[in-house]
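*Asks:* Kindly generate the corresponding structure for this input.
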Amino acid sequence: MSDILSQEEIDALLRALDSGSLEAEAIKEEGKEGGRLKVYDFRRPEKFSKDQIRTFHMIFSSLARLTSTSLAAFLRSRCQVELVSVDQLTYDEFVRSVPNPTFVCIFSLPPLEGRCVLQMNLDMVFLILDRLLGGSGSTVFHPRPLTEIENRIMLEVAERIMGALKDSWANIQEVEPQIEALESSLEFVQVVSGNDMVILFTFSVEVGEREGMMTVCIPYLVVEPITQRLSASLWFASRKSNDPQVQEKVKKKINQVRLPVVVELGKATISLKELLSLEVGDVVVLDKRVGEPLNVLVGKKVKMKGMPGRSGRRLAIKITELEEEE
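*Replies:* As a prediction, the model looks like this:
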């Protein structure tokens, strides 16, 4: 017998129950022995299939990686964001699990309709604020609602997460995340009714030596129009590295990367005594002769050689040769 009963089989079971020829307890015991029955809570229906959950896991694992890179550069500190769990629950259960006060960012995902929630524990919020305001990130703060200035600073952090969210969704659906409001409590934020199902993504955020939690809550109603596209096979199929548009986009991004270029005039080795005795007018002899090509460093590697000179009123160097890669 298949796991799913046909309509004829269901009708036959109901007729047997009505006539008394079959007892409900007998069906229950048979189901337990055969392993075909499982408890189903109609107050908490599972809206997403296992394949859709796997797709969500891949999307938001990508969000974690992109957020790690973005926040590490923004905070000038080691930052590691990791997806911990993906859960289905009601909105009321999510609200009850969130501490008060906390940091709440309400956002939407146009063209998808509805609102979503980004929540971050205050321990992590104050750590980020301390880093951005010049601190070491080791100060301990007591939980309290954020001030207007602190909310404005955290808005910059939330916008970077929204940028990462846009890129992580690109393989499934083009979205334009928009921040609608910042709050300190979820008690008065009703993005959906309490009994509506949501999917909750829990992240571990580690900045420096400290760790905190971040969650993203997306109601089922928001992603319902694209549930048929939440397929792992579709997600992998859309990640084509030979797509000309993707290659052009990556090339454009790479071309915008700034690299330090340094011209090394020469080197000299002197003793500490000689260094301390240097005065204005003293000459330090370098290891380069006049007319000898100078090393041009990109980052910390010698990539080119060139001759010094002028371009208008500015000092310049003329590239004469390229260094071959080893």
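
*Asks:* residue boundaries of the strands in the stretch 201-326 of the chain?
*Replies:* Under the criterion DSSP state E, counting those that start in this stretch, the stretch 201-326 of the chain contains strands at 210-219, 261-264, 294-298, 301-311, 314-322.

*Asks:* check contacts around the nearest residue to Arg160 once chain neighbours are set aside.
*Replies:* The spatially closest residue to Arg160, leaving aside those adjacent along the chain, is Ser70, at 4.6 Å (CB to CB, 6 or more residues apart in numbering). Any C-beta I mention is one placed from the backbone N, CA and C, and that applies to glycine too. Ser70 makes contact with 160-161, 163-164, according to CB atoms under 8 Å, 6 or more residues apart in numbering.

*Asks:* top of those by neighbour count?
*Replies:* Within the contacts of Ser70, Ile161 tops the neighbour count with 24 neighbours, counted by other CB atoms under 10 Å.

*Asks:* Distance-wise, check that residue relative to Val84.
*Replies:* 16 Å (CB to CB, to the nearest Å).

*Asks:* cool, Gln178 as well?
*Replies:* Distance from Gln178 to Val84, by CB to CB: 26 Å.

*Asks:* Next: Leu182.
*Replies:* Taken as CB to CB, the span from Leu182 to Val84 is 24 Å.

*Asks:* Between the two, which is the more surrounded one?
*Replies:* Leu182 (19 against 13).

*Asks:* Let me know the helix or strand that that one is in.
*Replies:* Assigned by DSSP states H and E, Leu182 belongs to strand 178-183.

*Asks:* other SSEs contacting that strand?
*Replies:* strand 103-108, helix 148-169 (3 or more CB pairs under 8 Å, 6 or more residues apart in numbering; DSSP states H and E).

*Asks:* Distance from the chain centre to that strand, please.
*Replies:* 18 Å (CA atoms, centre = their mean, to the nearest Å).

*Asks:* Need the residues that contact it.
*Replies:* For strand 178-183, using CB under 8 Å, 6+ apart, the contacting residues are 103-110, 115, 146, 151, 154-155, 158-159, 162, 189.
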